[in-house]
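1. please work out how this folds:
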Amino acid sequence: MRPARRHAVTWSTAAVSSSGSSSASAAPTSRPAALVASDIGSWPLVAGVELGGTKSIAVLVRGPVIEERFEIPTIGPDETLPVLADWLLAQQARGARPVALGIGSFGPLGLDRGAANYATLGATPKFGWAGTDVLAPFARLGVVATALDTDVNAAALAEATWGAARNARVSAYLTIGTGVGVGIVSRSDDGLHRIASELGHARVRRNDDAFPGVCPFHGDCVEGLASGPAISMRTGRAAGSFDPADPVWDDVAREIGELLSIITLAVSPDVIVVGGGVGLSSSFPRRAVVEAAERRLGGYLPGGRSVSDLVTWASFGADTGPIGAAALAYTALPSSPEPRGIMQAQVAAA
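-> Predicted coordinates:
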């Protein structure tokens with residue numbers, strides 16, 4: 001079990017125009033990060049669960065601040081889900097009373113509450129999880145207000161609510177880790193809207209890259225070519241063990257760069273936030289990926305912007321996913337302390 005990561009918070013207010021731009025100067029998008037919140041005490045305690053391809057995390061959160069955190073490897077559903085639920089039950093026994101639960105899970109995932117497959121995983125590359133109801137094991141918590149989405153959409157919501165995309169009209173979150181996924185959030189006068197995407201399984205143009213890919217469904221989709229397991233299969237080494245300038249990244253950078261260009265053309269985002277274990281590693285070739293996207297676009301980007309203007313990195317690092325699950329939990333409440341205007345906060349790890 002990892003100790004909770006706490007943050008020192010200093011709050012200031014800035015109004016947001018209907019276009020999504022702030023009337024105050026934007027705070028930095030890396031730590032210390034800009035967050036959306038009012039007084040931290042006005043946020044009720046909620047629980048969040050992130051089900052990732054490699055690890056799963058349960059948290060207790062107020063606003064964007066993790067108060068308690070628990071992490072285990074993602075094994076099978078019977079070895080993972082009850083353990084997370086047991087930890088949350090133990091927190092309740094100690095006096096914690098989360099008023100809502102949010103779950104962000106790898107997919108594909110049934111998200112229609114009126115459908116028979118709600119909360120149920122479909123044909124997922126994660127062995128043994130297809131057909132699993134990811135919400136049912138948490139029913140014994142007695143938390144009525146629940147919200148569910150894919151893990152990448154949850155991360156996208158965290159960044160749009162409290163992080164690097166807090167001023168964006170449309171934002172995308174690209175995670176590169178055990179899998180590759182894209183979450184999309186649009187902002188309107190009545191709040192933030194999440195859009196389901198499976199762009200991580202898109203196929204891209206390839207040069208002389210003969211690697212067949214590891215995706216059990218598509219072989220050489222982006223996830224099959226550029227996820228952590230794909231890089232390990234290509235090289236026999238972990239993705240984080242390479243220098244960013246190592247030629248082993250050449251094909252991966254082109255393929256991720258093309259995915260960035262697809263995201264840019266498909267949804268015209270104001271910002272693309274990159275996260276995930278591979279995407280945030282010190283070995284990831286950030287410049288090469290951005291340059292590859294620029295080449296694929298060939299200068300075709302409205303407003304005279306460049307891909308380097310659009311791309312930034314996850315504000316909350318490895319905690320973006322569980323904080324996103326908490327952001328989902330707040331959407332399940334009939335009312336939330338989240339203001340229509342941006343309340344910016346400088347956050348520094350304490």
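2. buried residues in stretch 124-131, which are they?
-> Using 16 or more other Cβ atoms under 10 Å as the test for burial, stretch 124-131 gives Thr124, Pro125, Lys126, Trp129. Backbone N, C-alpha and C define where each C-beta goes, glycine included.
3. ok now do Thr146, which residues does it touch?
-> The contact partners of Thr146, by Cβ atoms under 8 Å, 6 or more residues apart in numbering, come to Ala100, Leu101, Gly102, Ile103, Leu135, Phe138, Ala329, Ala332.
4. helix/strand/coil for it?
-> Assigned by DSSP: H, G, I helix; E, B strand; the rest coil, the conformation of Thr146 is strand.
5. so Pro137 sits in a helix?
-> Yes - Pro137: assigned to a helix according to three-state DSSP.
6. burial of it, as a residue count?
-> Neighbours of Pro137 under the rule other Cβ atoms under 10 Å: 19.
7. that older thread, among the contacts of Thr146, which lie within helices?
-> Ala329 (DSSP state H).
8. from the contacts of Thr146, which is closest to Asp189?
-> Ala332 (20.8 Å; Cβ to Cβ).
9. which residues are contacting stretch 79-99?
-> Outside stretch 79-99, the residues touching it (Cβ under 8 Å, 6+ apart) are 44-47, 49, 51, 56, 58, 60, 68, 70, 72-74, 132, 134, 137-138, 140-141, 143, 145, 329, 333.
10. grab the two from the buried residues of stretch 124-131 that are most spread out in space.
-> Most distant of the buried residues of stretch 124-131, by Cβ to Cβ, are Pro125 and Trp129, 9.1 Å apart.
11. quick one: pLDDT of Ser306?
-> pLDDT recorded at Ser306 is 89.
12. follow-up on the earlier one: so can I have CSV of the buried residues of stretch 124-131 showing pLDDT, secondary structure and distance to Val248?
-> As requested, the buried residues of stretch 124-131 are exported to CSV (pLDDT from 0 to 100; DSSP: H, G, I helix; E, B strand; the rest coil; distance: Cβ to Cβ, whole Å):
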residue, pLDDT, secondary structure, distance to Val248
Thr124, 90, coil, 28
Pro125, 85, coil, 23
Lys126, 90, coil, 26
Trp129, 97, coil, 30
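13. where exactly do the helices run in the stretch 151-300 of the chain?
-> Counting by DSSP state H, counting those that start in this stretch, the stretch 151-300 of the chain has helices at residues 151-162, 222-226, 228-235, 249-267, 286-297.
14. if you could redo that for the stretch 1-150 of the chain, that was the one I meant.
-> According to DSSP H, counting those that start in this stretch, the helices that the stretch 1-150 of the chain contains are 77-93.
15. which of the contacts of stretch 79-99 are buried?
-> For the contacts of stretch 79-99, buried by 16+ other Cβ under 10 Å: 44-47, 49, 51, 56, 58, 60, 68, 70, 72, 74, 132, 134, 137-138, 141, 143, 145, 329.
16. quick one: which of those sit in strands?
-> In this view, the buried ones among the contacts of stretch 79-99 that belong to strands under DSSP state E are Leu45, Val46, Ala47, Val49, Leu51, Ser56, Ala58, Leu60, Glu68, Phe70, Ile72, Ala145.
17. including distance to Cys215 and pLDDT, could those go into CSV?
-> CSV is the format used below for those (distance: Cβ to Cβ, whole Å; pLDDT from 0 to 100):
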residue, distance to Cys215, pLDDT
Leu45, 39, 96
Val46, 34, 97
Ala47, 32, 98
Val49, 25, 98
Leu51, 19, 97
Ser56, 22, 97
Ala58, 28, 98
Leu60, 35, 98
Glu68, 35, 97
Phe70, 30, 98
Ile72, 25, 98
Ala145, 35, 95
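18. show me the two of those that sit farthest apart.
-> Ile72 and Ala145 (24.5 Å).
19. ok, the buried residues of stretch 124-131 vs Glu255, which is closest?
-> Pro125 (17.4 Å).
20. ok, and the closest non-adjacent residue to that closest one?
-> Pro216 (5.4 Å; Cβ to Cβ, 6 or more residues apart in numbering).
21. that neighbour: neighbouring residues, count only.
-> 11.
22. and the gap between the closest residue to Glu294 other than its chain neighbours and Phe217?
-> In space, and not counting its chain neighbours, Glu294 is closest to Val307: 5.1 Å by Cβ to Cβ, 6+ apart. As judged by Cβ to Cβ, to the nearest Å, Val307 and Phe217 stand 28 Å apart.
23. so these two - more neighbours on which side?
-> Shown here are Val307 and Phe217; by other Cβ under 10 Å, Val307 has more neighbours (21 against 11).
24. isn't the more buried one up against Leu297?
-> Yes - with contact defined as Cβ atoms under 8 Å, Val307 and Leu297 form a contacting pair (6.8 Å).
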